[in-house]
Every structure is written in C-alpha cells, then in structure tokens.
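>>> how would this look folded up:
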Amino acid sequence: MPSNSEYKELRPPVDPAMPRAEFERWYWPVIDLEQFCDHLAVSKSGRKAELRDRVARAMDGDYETKPTAKNQDDKFAWSNADLTPEPQITGSISFGPNVRRFFKAAIGPKFVCHSEFMDWVRLNTGLTLADAIEAWRVLEERKTDPEFRREIASCNNYLQYLRDLRDANPAVSLSEAKHCWDEKKIRPAAGGVVVYEPSDLRFIKD
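Model (predicted):
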C-alpha cells in the first residue's frame, strides 16, 4: 500500500536529463512520451509501449535506430488498396478509414473495430482478411453469454484501472472512478503501470 509521502509525490515535468530509474517510476501519457522523444532526438512512431521503451533506452545512451527488416508483403498499401478477402495480413496493417470501410462492407453496419479485434489481427499476420472477418464474428458471438466481459488490451491501462476499481467497489460511479484515475496517474507507478488499490478511494473521500 502506498505511504502518505508517495501519495503527496506528483509526477515531475518532462525532463530528458532525468535518470532512467526516475523515468520508470511514473506513468507517462503519449503526449509526454512524444516530448521526451523530441528532446532525445528519437523517433515518435509506434505504439505507446514502444515509445516508452525507446525513451528509456535513449536515457541509457542507446540511440540505435536500425530499421526493422520487412519483407515485400509488408509494404502492402492498406490505406488506399482496393481490399478483398484474399490479402494476407501483414505487420504494417493499420485500422484507418480504408480498412474499416472494408470490414463494414463485409460484415455490415454492426461492425465495430474494437481493441480485442485489432489485437487479434495484429497477432495473426499471415492469415487473410477473410480469416479476420470470421474471427470478428466469433468474438461477437461470445457477447451472447451473460457472463462474457470483453478482454481489455494489455496496453489500455486506463480501462483496466476503471474496471478493477468498480469491480471492487460497485457503488462507485464512473465519474468517481475517473477522478481516482486522474489523481492516481500523476503519482508514482512502478514500471509506468497504474494499478488500483483500495486506498485510492481516498481521492473521492477527501
């Protein structure tokens, strides 16, 4: 359980000169990680976890930016290609308007590009868009189970925190849970992960 002194400690401003150990003590939103990248002259591309790792390595003096080798298929133009069910999923797939339009046309207006589906696609490179369509339908069928709860992507710290807090405290409203998140995320968070603890309720009781 955090001590009173830890609760009083607040996240410092972006400072590329801070030691890596200090950087690792805090949750950093993407906008802050991008500022670190700018100051350290490293790429801002990639997902949040990639930015955090890149910043941490740069703080240790590892500025190596060797491009990842990609095969020819990975250059597929997902943003403007005339998509059909046959193309294989590649590591460069994005979920921009073109890809979303394809799935909505293939599945129908009920299609929602939720995080669980996007995670499935990213983890199944080499399969086809037809396979992805079937996977979406399987994921949606599970919602008919009254006990089903959609899995929260590991990168979505915010939603996981809200779920954990409200599971433990059903009487707490969503707005109160969000307030706890806003207060907790600016306080020490080992490894940059904000974890719900019963003592967090002090933020709505104080």
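>>> May I have the residues that are in contact with residue 159?
residue 152 (CB atoms under 8 Å, 6 or more residues apart in numbering). (C-beta placed from N, C-alpha, C; glycine too.)
>>> Rounded mean pLDDT for the host helix or strand of it, please.
Using DSSP states H and E, residue 159 maps to helix 157-168. Mean per-residue pLDDT for helix 157-168: 95.
>>> Please parse the chain into its domains.
According to automatic domain parsing, the chain comprises the domains 4-59, 72-144, 157-205.
>>> buried ones in the helix holding residue 159?
Within helix 157-168, the residues that qualify as buried are 157, 160, 161, 162, 164, 165, 166, counting by 16 or more other CB atoms under 10 Å.
>>> hang on, the second one packs against residue 149?
Translated: residue 160. No - judged on CB atoms under 8 Å, residue 160 makes no contact with residue 149 at a distance of 11.7 Å.
>>> For the chain, name the helix or strand with the lowest mean pLDDT.
Least confident helix or strand, the chain: helix 4-8 with a mean of 66, by mean pLDDT, DSSP states H and E.
>>> helix, strand or coil for the residue nearest the centre of the chain?
In the chain, the C-alpha nearest the mean C-alpha coordinate belongs to residue 155, at 3.3 Å (CA atoms, centre = their mean). With DSSP: H, G, I helix; E, B strand; the rest coil as the basis, residue 155 sits in coil.
>>> quick one: contacts for it?
47, 48, 49.
>>> Let me have those in TSV, adding secondary structure and distance to residue 130 as columns.
As requested, the contacts of residue 155 are arranged in TSV below (DSSP: H, G, I helix; E, B strand; the rest coil; distance: CB to CB, whole Å):
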residue	secondary structure	distance to residue 130
47	coil	26
48	helix	30
49	helix	30
